[in-house]
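> Provide a 3D model corresponding to the input given below.
(one chain, ligands or ions: 2)
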Amino acid sequence: MSGGAGFIGSHLCEALLNKGMRVLALDNFITGAPANLKSLEGKPDFDFRKANVNERIQVEGDVRYVLHFASPASPPQYDANPIHTLKVGTLGTMNMLGLARAKSATFLLASTSEVYGDPLVHPQPETYWGNVNPIGPRGCYDEAKRCAEAFAMAYHRAHQVDTRIIRIFNTHGPRMQVSDGRAVPNFMAQAIRGEPLTVYGDGSQTRSLCYVSDLVRGVLAVLEQGDELPVNLGNPHEVTMLQLAKTIIDLAGSKSVIEHRELPVDDPKQRQPDISRARNMLGWEPRIGLEEGLAKTLEYFRAVV
Ligand code: NAD
Ligand code: UDP
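Ligands and ions are numbered 1, 2, ... in the order given. The predicted model follows:
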């Protein structure tokens, strides 16, 4: 799998190993870290290779699944690496699909709710085509992922590759980078340090947060029981960013106050997955509630901040 040293990728490596599979993780550490793979070091069925999947990939032997999770994922990180982000969604996806085709493997793409852009349909079903600004600061990520989905469908149609597309909604958990700039890491680090929580705009914009173990269960279900069409994976429990900041202050028992900052350009106003397709096709739905999940993530942040 690509992106194995990242936040979600490292949890997925663990889950695949726990299912008795042999795992090869490829990562160039642009946003991931060797520390994320610490628990896997020395496991006989786990292998790591430092590699940039935007370049040619060669893997010896049989491969059953090819999972493409490599990509910067937080707005400040893809804003800082826009060309790399475009390449990993396009060239990286093409290379990983080429590997899947050569090995007759099942391919899975980690796509995103960002393909819906600033959505005009709410909640978002997979049938919604989205409202994306291709030339704004988020365009490098959103359009790369949309192109990645088109690549997956093209390899499926032209070369009969067995493909999967998951559209991941905001996910949190241990091993998120403290400084990746996303709302959960920012708010948690700020609450723990007693600094003001930086809510962008008036904080009325919404997101729906999924705990990582629920997401990983969903990924495994899609691999085994999914089809080539996109599946939303996320928790439908929707909150405003102001509510999220207040909840994190309460959970942390922090004295931090809330300060408002400028809203980033093209920041989606609302986001909630319609997970009917995942429910019907996979029998999957999240089990971890918002506060329960945030408490687990906070425990991790307390150890690393
Ligand atoms: P992350 O930054 O922690 O992980 C991404 C990993 O990919 C990192 O380890 C990075 O070093 C690696 N990578 C990037 N470009 C690479 C390249 N060219 N070659 C090899 N490795 C490369 O981010 P994450 O939150 O774990 O996200 C993982 C995937 O899930 C991404 O594709 C992201 O778009 C998708 N996703 C995540 C979320 C979320 O809420 N976390 C939401 C939607 C989609
Ligand atoms: N956000 C915020 N304060 C922060 C970081 C983010 O208010 O310190 C807001 C951001 O503007 C967005 C929401 O939180 O509306 C979620 O941002 P994140 O970067 O976590 O994810 P994404 O925008 O990709 O969904």
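> helix or strand for Q58, which one?
Using DSSP states H and E, Q58 sits within no helix or strand.
> tell me, how many residues neighbour it?
If you count neighbours by other CB atoms under 10 Å, Q58 ends up with 7. Just so you know, the C-beta spots here come from the backbone N, C-alpha and C atoms, and that holds for glycine as well.
> what of G42?
Neighbours of G42 using other CB under 10 Å come to 7.
> from ligand 1, how far off is it?
Per CB to the nearest ligand atom, to the nearest Å, G42 is found 20 Å from ligand 1.
> pretty sure that residue sits in a strand.
No - with DSSP: H, G, I helix; E, B strand; the rest coil as the criterion, G42 is located in coil rather than a strand.
> so where is the chain shaky, pLDDT-wise?
Within the chain, not a single segment meets pLDDT under 70.
> residues of it that sit close to ligand 1?
2-3, 5-9, 26-32, 52-54, 69-73, 88, 92, 110, 112, 168, 170-171 (CB under 6 Å from any ligand atom).
> if we use 5 Å, what do you get?
Residues of the chain lying close to ligand 1 by CB under 5 Å from any ligand atom are 3, 5-8, 27-32, 52-54, 69-71, 73, 88, 110, 112, 168, 170-171.
> measure how far stretch 118-125 is from the centre of its chain, please.
Put simply, stretch 118-125 sits 19 Å off its chain's centre (CA atoms, centre = their mean, to the nearest Å).
> residues contacting L244?
A183, V184, F187, R207, L209 (CB atoms under 8 Å, 6 or more residues apart in numbering).
> would you list the phi and psi of whatever residue of the stretch 1-150 of the chain ends up closest to ligand 2?
Here the residue of the stretch 1-150 of the chain nearest ligand 2 is P75; by CB to the nearest ligand atom that distance is 4.8 Å. Note on P75: its backbone torsions stand at phi -50, psi -50 [degrees, to the nearest 10].
> one step back: neighbour count, distance to V265 and secondary structure for the contacts of L244 - can I get that in TSV?
Below are those laid out as TSV (neighbours: other CB atoms under 10 Å; distance: CB to CB, whole Å; DSSP: H, G, I helix; E, B strand; the rest coil):
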residue	neighbour count	distance to V265	secondary structure
A183	22	16	helix
V184	22	21	helix
F187	27	21	helix
R207	22	17	strand
L209	23	23	coil
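> now these in CSV, with distance to ligand 2?
Putting those into CSV (distance: CB to the nearest ligand atom, whole Å) gives the following:
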residue, distance to ligand 2
A183, 3
V184, 6
F187, 6
R207, 5
L209, 9
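> tabulate the residues you listed (a markdown table), appending distance to P44.
Formatted as a markdown table, these follow (distance: CB to CB, whole Å):
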| residue | distance to P44 |
| --- | --- |
| A183 | 39 |
| V184 | 34 |
| F187 | 39 |
| R207 | 39 |
| L209 | 35 |
